[in-house]
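> Below are the sequence and a predicted model for it; my questions follow.
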Amino acid sequence: MHRIFEALVTGLAQGAMIALVALGYTMVFGILKMINFAHSEVFMMAAYVGLFILTALGGAHSPWIAGIGGTVGAMIGAAALGMLIERVAYRPLRARGRGTRLSRITPLVTALATSVFLQNAAQLMFSAKFRPYPRLFEQTRPVIFIVAVVVMVLLNQLVKKTWFGKAMRALSSNEEAARLMGVRTSRVISMTFAVGSGLAAVGAVLYCLDQSQVYPTMGVVIGTRAFVAAVLGGIGNITGAMLGGLLLGVLGEFVKLTDYSGGVDVLVFLVLIGVLLVKPTGLLGSTAGEKV
Amino acid sequence: MIRTVHPIRPAVVAPAGSSLLEVSDIRVRYGGIQALKGVTLRVDSGEIVALIGANGAGKTTTLKSIARLLPLASGTIRYAGRDIASMSTEDLVDAGVALVPEGRAIFPNLTVRENLELGAYAHRNAIAIRETLEDVNELFPRLGERMNQEGGTLSGGEQQMLAIARALMARPTLLLLDEPSLGIAPKLVAHIFAAITAIAKAGVTILLVEQNTRIALATSMRAYVLRTGEIALQGPSRELATNAEIQAAYLGG
Ligand SMILES: Nc1ncnc2c1ncn2[C@@H]1O[C@H](COP(=O)(O)OP(=O)(O)OP(=O)(O)O)[C@@H](O)[C@H]1O
Ligand SMILES: [Mg+2]
């Protein structure tokens, strides 16, 4: 019984973290209908930025200052990187490729290339070695869960209540109609990359507090899980990404209780395939808003 | 009465001796297809002008060109005396031009209230939003009863009301309507056209595209007939309604 409870807590913490990263995939997909494969590398870069700032602020000697400062710094860095990627890699393609035959495949290939580029850039800048993350708190998991939930509640308010949130949802529903309302699409797209990357940065710092290390390819594992969570919840749907993340986290920890603990990722994909067979749009995904 | 004063921008007036909207000899092509072959029309302040024509005549293309959603191959468009050829759709909305697109294009997964609020995105003025919500409620009571419902759950007629109401939220000077009667029950069509007349009475200038020639001519003061990308006929609506050619082609004899 105690082990089950423990697994649930750990799972929720893991899941909330995955959800933070999944949100970036789903928000960008919502407005651009493309998968931003570079998102996992924004996550990784944010982890490094977080590490450097955290260490500079005294690390374990002043856990709160270091933790908050590191997180905020990582968020700012990630937001800037996300906006830069959109600006340099995706926007020129959007401007040129509108309506052409390959307008959906070209950005996808570009996203993959950007991802590889950033991974290599990180190896050059930070070297391939694993770097330890300072241990800030005795009990990390509750901190992770609480921070992640607070951030998601704030995001929900942002999306539901602010003009940016409304503009973003309008844009994801119908670009031309959004423009007819006076919504500046480029600005909203930029902001969406900034917000999605900022969320990934929170996820990155939390992840490192939990796993205690950073390395240039760390984005691959968590990125894949987050992407699966986004698709599982219904890509394009913000609540879906949160739900998908939590489900994956809890599921993963429960599997670890059994004899098949090595098979977490296999199970994750089995669940994904199972859900998509029954409901191709994911758990909360709808087709209503997506008359392409 | 519908309040139409814009909260931020001074009233838009056409300079003396010119019209609010002047479209001169515009040509528009989709790839190899020339959809507009030199369309010229004008709309004066306070008018309802109808643009009628058969399927594929180029009505939607004309409205989208005015709204700057399509590039011009040649020709000019002036709004309130200003050349708007190089203006963006978004800037034009700020300047007071609202388009209710063909097929309505409401945001189906947003609530009716959120749809309406987005209509006010260009000015985002809380007082104007509250006032226009009241006005819209009065104009279309059915919308008022469905404020928290998702737009996609409305009937076709209600969605059309929502699309028109959403455009009014911007406090436009010029309203472009693309086939408001499309796919809507006759009873609701009458209701919607009564609303259009009320909107015009409140001081909004309207360019109305329709395939329902009878009701378009009955509602408007002047009309243009578009035929394969060219203006074939124009004149006061009352005269056009009795024109033999129009009767044969568009009013079923
Ligand atoms: N996106 C497009 N690509 C290619 N051709 C187009 C496109 N949109 C319209 N056309 C063509 O341009 C011409 C004018 O179309 P438009 O939609 O303006 O007509 P319309 O008068 O609005 O017709 P309807 O009454 O059916 O709405 C038609 O021949 C149409 O096939
Ligand atoms: Mg049309």
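Great, that's in hand. Ligands and ions are numbered 1, 2, ... in the order given.

> Regarding chain B, what is its longest helix?
Using DSSP state H, we find that the single longest helix of chain B is helix B:186-201.

> And that helix, what's buried?
B:188-189, B:191-193, B:195-196, B:199-200 (16 or more other Cβ atoms under 10 Å in any protein chain shown). Any C-beta I mention is one placed from the backbone N, CA and C, and that applies to glycine too.

> Least confident secondary structure element in chain A?
helix A:91-97 (a mean of 81; mean pLDDT, DSSP states H and E).

> Kindly export that helix (C-alpha atoms) in CSV.
The C-alpha atoms that make up helix A:91-97 are tabulated as CSV, following Å, rounded to 0.1, in the frame of the first residue of the first chain:
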residue,chain,number,x,y,z
ARG,A,91,9.1,32.2,-40.2
PRO,A,92,11.0,32.5,-43.5
LEU,A,93,9.5,29.1,-44.6
ARG,A,94,6.0,30.3,-43.7
ALA,A,95,6.4,33.5,-45.6
ARG,A,96,7.6,31.6,-48.7
GLY,A,97,5.8,28.3,-48.6
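
> Is chain B within reach of that helix?
No: Helix A:91-97 does not reach chain B (Cβ under 8 Å from any Cβ of the partner chain); its nearest approach is 13.3 Å.

> Show me what that helix is packed against.
Other helices and strands packing on helix A:91-97, by 3 or more Cβ pairs under 8 Å, 6 or more residues apart in numbering or on different chains; DSSP states H and E, are helix A:105-126.

> so where's the stretch 151-253 of chain B uncertain?
B:252-253 (pLDDT under 70).

> count of neighbours near the residue of it found nearest chain A?
As assessed by Cβ to the nearest Cβ, chain A sits closest to residue B:152 within the stretch 151-253 of chain B, at 5.1 Å. Each residue near residue B:152 was counted by other Cβ atoms under 10 Å in any protein chain shown, and the total is 15.

> Residue A:207 versus that one, what's the distance?
38 Å (Cβ to Cβ, to the nearest Å).

> from chain B, which residue is nearest to ligand 2?
In chain B, the residue found nearest to ligand 2 is residue B:60; the distance is 3.1 Å by Cβ to the ion.

> show me the contacts for whichever residue of chain B sits closest to chain A.
Using Cβ to the nearest Cβ, the closest approach of chain B to chain A is made by residue B:122 at 3.5 Å. Applying Cβ atoms under 8 Å, 6 or more residues apart in numbering or on different chains, one finds that residue B:122 lies in contact with A:181-182, B:90, B:93-94, B:170.

> Likewise for residue A:21?
Residue A:21 neighbours (Cβ under 8 Å, 6+ apart): A:39-40, A:43, A:199-200, A:203-204, A:222-223, A:225-226, A:245.

> ok, which stretches of the chain are strands?
All of this is about chain A. A:131-132, A:213-214 (DSSP state E).

> not quite, I wanted chain B
B:21-30, B:33-43, B:48-52, B:74-79, B:82-83, B:97-100, B:174-178, B:205-210, B:222-227, B:230-236.

> Tell me the gap between the fifth one and the middle of its chain.
Its chain's C-alpha centre and that of strand B:82-83 lie 19 Å apart, by Cα atoms, centre = their mean, to the nearest Å.

> Ok, the second one next?
If you compare the mean C-alpha spot of strand B:33-43 with that of the full chain, they lie 17 Å apart, counting by Cα atoms, centre = their mean.

> contacts for it?
B:19-29, B:49, B:51, B:58, B:61-62, B:65, B:73, B:75, B:174, B:205-207, B:224, B:226, B:228-231, B:234.

> Let's see that with 7 Å instead.
B:19-29, B:49, B:58, B:61-62, B:65, B:205, B:207, B:224, B:229-231 (Cβ atoms under 7 Å, 6 or more residues apart in numbering or on different chains).

> Spit out the contact partners of the nearest residue to residue A:261 once chain neighbours are set aside.
Spatial nearest neighbour of residue A:261, excluding adjacent residues (Cβ to Cβ, 6 or more residues apart in numbering or on different chains): residue A:255 at 6.3 Å. Going by Cβ under 7 Å, 6+ apart, residue A:255 touches A:261, A:263-264, A:267.

> can you count the residues close to the closest residue to residue A:25 other than its chain neighbours?
Spatially, and ignoring its direct neighbours in sequence, residue A:25 is nearest to residue A:230 (4.3 Å; Cβ to Cβ, 6+ apart). For residue A:230, the neighbour count with other Cβ under 10 Å is 33.

> just checking, residue A:230 touches residue A:28?
No: here residue A:230 does not reach residue A:28: they are 9.8 Å apart, not a contact under Cβ atoms under 7 Å.

> What distance separates the opening and closing residues of stretch B:206-221?
End-to-end span of stretch B:206-221 (Cα to Cα, to the nearest Å): 10 Å.

> List the buried residues in stretch B:122-137.
So, applying 16+ other Cβ under 10 Å, buried residues of stretch B:122-137: B:122-123, B:128-129, B:131-133, B:135-137.

> How about stretch A:114-133?
Buried residues in stretch A:114-133, counted by 16+ other Cβ under 10 Å: A:114-115, A:118-119, A:122, A:126, A:131, A:133.

> same thing with stretch A:135-151?
Neighbour-count burial for stretch A:135-151, counted by 16+ other Cβ under 10 Å, picks out A:136, A:140-141, A:143-145, A:147-149, A:151.

> Dump the C-alpha coordinates for that stretch into PDB.
Extracted as PDB, the C-alpha positions of stretch A:135-151 are listed here (Å, rounded to 0.1, in the frame of the first residue of the first chain):
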ATOM      1  CA  ARG A 135      20.800  19.200  -4.700                       C
ATOM      2  CA  LEU A 136      18.600  22.000  -3.400                       C
ATOM      3  CA  PHE A 137      15.900  20.300  -1.400                       C
ATOM      4  CA  GLU A 138      15.600  17.300   0.900                       C
ATOM      5  CA  GLN A 139      12.300  16.300  -0.600                       C
ATOM      6  CA  THR A 140      12.400  17.200  -4.300                       C
ATOM      7  CA  ARG A 141       9.200  15.400  -5.500                       C
ATOM      8  CA  PRO A 142       6.600  17.500  -3.700                       C
ATOM      9  CA  VAL A 143       8.400  20.700  -4.800                       C
ATOM     10  CA  ILE A 144       8.300  19.500  -8.400                       C
ATOM     11  CA  PHE A 145       4.600  18.600  -8.300                       C
ATOM     12  CA  ILE A 146       3.500  21.900  -6.600                       C
ATOM     13  CA  VAL A 147       5.600  24.100  -8.800                       C
ATOM     14  CA  ALA A 148       4.400  22.300 -11.900                       C
ATOM     15  CA  VAL A 149       0.700  22.500 -10.900                       C
ATOM     16  CA  VAL A 150       1.000  26.200 -10.000                       C
ATOM     17  CA  VAL A 151       2.600  27.000 -13.400                       C
END
